[in-house]
Structures are given as C-alpha cells and as structure tokens.
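Undergrad: Using only what follows, build the 3D model:
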Amino acid sequence: MTKKEQLQRKAVDLVLKRLLNYVDRDPQRNILRVLKIAGRLAGNTFPKTYMDSMQRTIASGEGAYYAFALNILRDTDRGYLRKLILALALGAGLHGTRAVRANREIYHCNIPFLILMDPTSACNCRCKGCWAAEYGHKNSLTFDEMNSVVTQGKALGTHVYMFTGGEPLLRKKDLIRLCEAHPDCAFLAYTNATLIDEAFCDELLRVGNMTLAISIEGTQKTTDARRGEGMYDAAVRAMELLRKKGVLFGMSVCYTRENVEMVTSDAFLDRMVELGVKFGFYFNYMPVGKSAPAELIPTPEQRAHMYRWIRKTRNNATGKPLFVMDFQDDGEFVGGCIAGGRNYFHINAAGDMEPCVFIHFSDSNIREKTLLEGLKSPLFLAYYHNQPFNDNHLRPCPMLENPQCLRKIIAETGAKSTNLEGEETAESLCSKCDRFAAAWAPVAEELWAATPHPHPKTQFYRDTPEGKAGK
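TA: Numbers count the residues shown, from 1 in each chain. As a prediction, this is how the structure comes out:
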C-alpha cells in the first residue's frame, strides 16, 4: 500500500467503527442511511441500479436480503467485519476495480479481478470425480511464490485471491502470513473443513481479511457418498465453530447428476442458514481428469432446473437469507466466460498459469514469467480475443458447452496439458463434453429466448474492441 492508501485505510477504519456502532442502535433505519452515503461516495464506480436495489430492500423491512443483512450483523465479529469490509470495499472494490479497468486499456489484455491458486496439490480427502484426489503430495507453491503472485497482482489492480487445491488449509500458516502481509486484499479458501479448529478461527479473527467456503454436497448421505464417511459431520462441526467465533463463511457445492435435487432443496438451504452460512458458490461438475466420469455431468433438464432455481433463491421475495451464485448459469450477468484472466485465472501447485481451474492447459509458469507476461501469452490472448465463446450466455464455457472452442484454442496456441495426475489431451477432455453440449444447446436456446437478460457488456467487464463494438 502507498502512504496515501495507508492513511486512507486508517481514516476509513475509524469511520467504519463508528458506523457499525451507529447501525447497531437501529439497524433498518441506519443501514439505509449508510447505503445512501456509500452510493454518493462510490459515484459511478458501480451501477446505480445496484445501490438503488439494496436501498429498496432495506427500506421494505422484509424479505430474504433484509434478513440476510441482519444475520450478518448478528453473527459476525465487529473487528473481523471491519477488516473484511476494508479489504473488499476499499482494497478490491474501489482501488482494485479502478486499476483493473485502467490496466486492461493500457496493456490490451485481460486483467483479472481475482486470482485462484493452489498452495499445494496435497489433500486429505478423496472425493469422487475430483482430479485433486490423484495428485498426492507432488507439488506446492512456496510462500515467497504466493507472496510474489499477490504483489504482482496488486500492481495490476487484483485484490482478491482464492485458494483451492488439494486442501489449502494444509498450508494454513502460510495463508495467514499472506493475509498479514496484504491487509488491503481479500482472501478466501475452499476447504473440506477437517482442519478448522479454534486456534485457526482465532487467527482468522486476528487478520480479518480471509473467509472460507466449506465444501458440502447436500445431506449427510450425498455428502459422504462423494467425499467420504464423516465428511458431512466435519463440515457441520466447522460451521458451528465459525459461527460461534463470529467468522463470516459460506459453502461450496459441486452439483452433479446425483445430487442436484438434494443441494437445491429447501431443507438443505434452511439447514445451511441455520448453521450460519452466508453465501453459496455452486459449481457444475466438470469431467476433468482421465478418471473423471462424464456420467456425473448434470442432465439438460437439471441445468434448466438450476437456472430457474438460482433466480428463485436469489429473489428477495421468494429466496433465502444467503447469497448464492452458480458460475455456469449466471453467465448472463458477466457476459459469458470469465476465465483466461477476463475476471480470473488459476495457478496450479506446480506454478502453471491456467485459464480456468477446470482447463488444465498452460503455456506459462510463474517460475519463468511474470503475471503480465502470462496474461499476454498466446493462450490467454486467445481467450481475450474470443470471449464470449457464445452469444447465449447460458452456454459460456469453451469446454463444457462449446468444446469445439477449446479444441481450436489448444491446437492454435500449442498449450500443453498441465493435469498433474497425467496428461489429458484436449480431444480426450472435450469428447467427454460433446454429448452434453449438443443436448443442452436447444434447451439453452429456448431458455434464452424466453427470458429477458441484462446487457452483458457492463461497466464491470471491459472486453476487446470487437466485443465493445458488439461484433
């Protein structure tokens, strides 16, 4: 942080402390006043419609998001909440967003809002259909390498970092060190929850700028069937501890052909809200890895269900008091595929820069190139020049819904397989997606034609000149 940013952070922290005390005295009235002030301060950094919607929700005094706001205030430690707001709103939201937009114009390539990296390939769990289960203790990023990624990323404007693996909490001491070194960044770890204890919760409270997304797959039966016996109970115990300590957390759900009904049921969501879950990331199962079965890909009918369910659940009148996202069925809000650095990219435990956590191909490694050099490599520029991969943003992915696109990109750029369990060719991977892509296409077209959509070229996403021109 610059000296100016440090002083600004101290001033904003003091204001936040007073604001939270002020809000606690009369939450509904005072949250509304704070939102109005925040809207004026943000100016045109974010769409005015977003701030207007939040103000209407709080003013109504009812609905899912009103309860969501009150639940966050009730369950979250105040010191932790202030630090998290500083990292997300000031570091990522204000400074980061402006720098990312500016650097996209300067460098004529994708500059990500967030970076996902694997501290280690090791995992203490063997989930059905997960490639990480086969990696073993083969690779790890050093602390200095991860610190370098964050330092380089901040110089480009990237202030959000997520960790997966493997099980990232096998490196939890180093993750806490990163949080200490970069208080202006927000961090999140996807975790199976088995390594969450009181001491780690206390560390999360101390640094304040990291949250967790706990992997869970519905009921005890469906979770343990995929993740192993006892994994559901471990997740529940961790959630109970995090809520008791006042740490904000969410859940990560991989939906497959076998568990869609369970992970979208009212009973499941109500139980998660009861346990303190504040957000949910839903991921469509991807058949990545030589041993990953294509049969777990949800059916077109299940994907259509997910599309309707996510909108119902996120609706203030019909939804639940938590914020859910489905990265496959929310493409219309972000203009399609966000990988390849357009909004994020992935660094695996061997240092390979991959366009997506599900696309294990690379032509750059952080041990040989800077982040910017990787973002300007042939593979990442192929994403930059070809996004979106489909004008129907219910078909965003160049692998799952448009496998011909990934075949073409890999053939033209010469990117190499980086699958750590063993080489998987683009043809082998894409051939597992062909059947679903063909079956989903007419269903997606019917859904797309039947419903209104926001304009995908929002001010959050600066696309290529071709994209801006609507070509």
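
Undergrad: which residues pair with the most centrally placed residue in the chain across the strands?
TA: Nearest to the geometric centre of the chain sits residue 281, at 6.8 Å (CA atoms, centre = their mean). Using DSSP bridges, the beta-bridge partners of residue 281 come out as residue 252, residue 325.

Undergrad: got the residue ranges for the strands in this protein?
TA: Secondary structure of the chain by DSSP state E: the strands cover 114-117, 160-163, 186-191, 210-215, 249-255, 279-284, 323-326, 344-347, 353-354, 361-362, 416-417.

Undergrad: Adding distance to residue 71, write these out as CSV.
TA: For every residue, glycine as well, the C-beta is placed using N, CA and C. Shown next, in CSV, are these (distance: least, CB to CB, whole Å):
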stretch, distance to residue 71
strand 114-117, 25
strand 160-163, 23
strand 186-191, 19
strand 210-215, 15
strand 249-255, 12
strand 279-284, 11
strand 323-326, 11
strand 344-347, 27
strand 353-354, 36
strand 361-362, 41
strand 416-417, 44
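
Undergrad: Please produce CSV containing those, extended by mean pLDDT and distance to residue 445.
TA: Written out in CSV, the entries for these read as follows (pLDDT from 0 to 100; distance: least, CB to CB, whole Å):
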stretch, mean pLDDT, distance to residue 445
strand 114-117, 98, 31
strand 160-163, 98, 32
strand 186-191, 97, 32
strand 210-215, 97, 32
strand 249-255, 96, 22
strand 279-284, 97, 18
strand 323-326, 96, 19
strand 344-347, 98, 27
strand 353-354, 98, 30
strand 361-362, 98, 28
strand 416-417, 96, 32
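
Undergrad: So which of those strands is nearest residue 385?
TA: strand 344-347 (15.5 Å; CB to CB).

Undergrad: Report all helices and strands that that closest one contacts.
TA: If contacts are counted by 3 or more CB pairs under 8 Å, 6 or more residues apart in numbering; DSSP states H and E, strand 344-347 sits against strand 114-117, strand 353-354.

Undergrad: coming back round to it: how close does the residue nearest to the centre of the chain sit to residue 116?
TA: To residue 116, residue 281 is 12 Å away according to CB to CB, to the nearest Å.

Undergrad: And for residue 351?
TA: To residue 116, residue 351 is 14 Å away according to CB to CB.

Undergrad: now swap in residue 262 and tell me
TA: Here residue 262 is placed at a distance of 26 Å from residue 116 (CB to CB).

Undergrad: Same drill for those two, tell me which one is more crowded.
TA: Neighbour totals were compared for residue 262 and residue 116, and residue 116 leads with 21 against 17 (other CB atoms under 10 Å).

Undergrad: list the contacts for that one?
TA: By CB atoms under 8 Å, 6 or more residues apart in numbering, residue 116 lies in contact with 161, 162, 163, 164, 344, 345, 346, 347, 357.

Undergrad: at 6 Å what do you get?
TA: Listed by CB atoms under 6 Å, 6 or more residues apart in numbering, the contact set of residue 116 reads 162, 344, 346, 357.

Undergrad: ranges for the helices of the stretch 151-300 of the chain?
TA: Ranges of helices in the stretch 151-300 of the chain, per DSSP state H, counting those that start in this stretch, are 172-181, 198-207, 220-227, 231-245, 260-263, 266-275, 300-313.

Undergrad: Which one, of those, ends up nearest to residue 31?
TA: Distance to residue 31, taken as CB to CB, is lowest for helix 266-275 among the helices of the stretch 151-300 of the chain, at 19.5 Å.

Undergrad: Low-confidence stretches in the stretch 1-150 of the chain?
TA: Applying pLDDT under 70 to the stretch 1-150 of the chain flags residues 40-48, 50, 124-137.

Undergrad: the helices in it, which residues?
TA: 3-25, 27-42, 48-60, 64-75, 78-85, 97-107, 143-156.

Undergrad: Show me what the longest one packs onto, helices and strands only.
TA: Helix 3-25 sits against helix 27-42, with contacts defined as 3 or more CB pairs under 6 Å, 6 or more residues apart in numbering; DSSP states H and E.

Undergrad: List the buried residues for the helix it packs on?
TA: By neighbour count on 16 or more other CB atoms under 10 Å, the buried set for helix 27-42 is 27, 30, 31, 32, 34, 35, 39, 42.

Undergrad: what's the spacing between the fourth one and residue 368?
TA: When CB to CB is the yardstick, residue 32 and residue 368 sit 52 Å from each other.

Undergrad: same deal with the fifth one?
TA: Residue 34 sits 47 Å away from residue 368 when distances are taken as CB to CB.

Undergrad: isn't residue 439 right next to residue 301, touching?
TA: No - using CB atoms under 6 Å, residue 439 is not in contact with residue 301; the gap is 9.5 Å.

Undergrad: So which of these two has more stuff around it?
TA: residue 439 (15 against 12).

Undergrad: residue contacts, the more buried one?
TA: Counting by CB under 6 Å, 6+ apart, residue 439 has contacts residue 300.

Undergrad: shift numbering so it begins at 178
TA: Sure, I'll start counting at 178 from here, so that last one is residue 616.

Undergrad: ok, it to residue 578 distance?
TA: When residue 616 is compared with residue 578 (using CB to CB), they lie 10 Å apart.

Undergrad: circling back: turn the helices and strands packed on strand 521-524 into a markdown table, including distance to residue 462.
TA: Formatted as a markdown table, the helices and strands packed on strand 521-524 follow (distance: least, CB to CB, whole Å):
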| stretch | distance to residue 462 |
| --- | --- |
| strand 291-294 | 18 |
| strand 530-531 | 18 |
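
Undergrad: How many neighbouring residues does residue 335 have?
TA: Residue 335: 26 neighbours (other CB under 10 Å).
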